[in-house]
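Student: Model the following, please.
(one chain, ligands or ions: 1)
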Amino acid sequence: MPQPATRRTVLATGAGALALGCVGCGGEDGGEAASATASMPASSAPPAAEEASPAAEETFPVAEAASPAGKALARTSDIPEGGGKVFKKEKVVVTQPEKGKFKAFSAVCTHQGCTVSEVADGTIDCPCHGSRFRIADGSVAHGPATRPLEKRSVTVDGNSVHVD
Ligand code: FES
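Tutor: Residues are numbered from 1 along each chain as shown. Coordinates of the predicted model:
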């Protein structure tokens, strides 16, 4: 007698659990389906953004490859013959001591590190303590600096002046 009752109890309990489980599952399934549907646009957005990032990064090497001779600072016509021009932002001075011959130097004064301010009368001049450097080779024309300006590599590509 106790065995069938126990079996029924188990079956009933199991059925009840299944029924409850199904009711619960049915409700949750519907909810999950709804929430999954609702969240799909949101969850699909990040992968799309991630795909865009590598593509954006890939453009940088391509952009750098477009100027193999270095950054184009100016046009040749921007650099006066027998003079030069200071590019303060890039901390570079480009000079043209002779027609068609371009030189480039660091714009950082070797005395105490000020940025040179102008090119005049054949020299690159520092405003801080009056040092002057020759436009042909960056050597010291007037102290207190004792060392020449650091040379930079310059190339001319057509009408563009590039400094590495
Ligand atoms: Fe240029 Fe002193 S820092 S002269």
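Student: Where do the helices of the protein begin and end?
Tutor: Along the chain, counting by DSSP state H, helices occupy 2-65.
Student: Any residues of it in contact with the ligand? List them.
Tutor: Counting by C-beta under 6 Å from any ligand atom, the chain comes close to the ligand at Cys109, His111, Gln112, Gly113, Cys114, Cys126, Cys128, His129, Gly130, Ser131, Pro144, Ala145. No exception for glycine: its C-beta is placed from N, CA and C like everyone else's.
Student: let's see 8 Å
Tutor: 109-114, 116, 126-131, 143-145 (C-beta under 8 Å from any ligand atom).
Student: which among these gets closest to Ser77?
Tutor: Nearest to Ser77 among those is Val116, at 21.7 Å by C-beta to C-beta.
Student: Wait, Gly82 touches Gly122, no?
Tutor: Yes - taking contacts as C-beta atoms under 8 Å, Gly82 lies within contact range of Gly122: 7.1 Å.
Student: If we ignore the residues flanking it in sequence, what's nearest Ile124?
Tutor: Nearest residue to Ile124, sequence neighbours excluded (C-beta to C-beta, 6 or more residues apart in numbering): Phe133, at 4.4 Å.
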